[in-house]
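**Q** Sequence plus the predicted model coming up.
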Amino acid sequence: MMHKTPRRAVEDLFRVPDADRGSNAEKLQNLRKRLQLRKRELRVEERQQRLDKRTGPFASLS
């Protein structure tokens, strides 16, 4: 039996938590955003490398 989970509850599971109040809160939030962006860029780069390997000069020989 499947339970229907409200959409907001599911979105909260994957949402980045807000930085706590304090002097370093903004720095922490900016750091998290940069790390997330960096991870996204690496994912795209790795995907491109895999594609290049598959479609390399010797890919059609096999």
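**A** All right, it came through fine.

**Q** where does the protein have low pLDDT?
**A** 1-5, 16, 19-20, 58-62 (pLDDT under 70).

**Q** Would you pull up how far the helix or strand hosting residue 46 lies from the middle of the chain?
**A** Using DSSP states H and E, the element containing residue 46 is helix 25-54. Averaging C-alpha positions (CA atoms, centre = their mean, to the nearest Å) puts helix 25-54 7 Å from its chain's average.

**Q** list the helices and strands that helix packs on?
**A** The contact analysis (3 or more CB pairs under 8 Å, 6 or more residues apart in numbering; DSSP states H and E) places helix 25-54 against no helix or strand. For every residue, glycine as well, the C-beta is placed using N, CA and C.

**Q** Which positions within it qualify as buried?
**A** Residues of helix 25-54 classed as buried: none (neighbour count, 16 or more other CB atoms under 10 Å).

**Q** quick one: the residue nearest the centre of the chain and residue 27, what's the gap?
**A** Nearest residue to the geometric centre of the chain (CA atoms, centre = their mean): residue 40, 5.0 Å. Distance, residue 40 to residue 27, using CB to CB, to the nearest Å: 21 Å.

**Q** Please apply the same query to residue 12.
**A** From residue 12 across to residue 27, the span is 24 Å (CB to CB).
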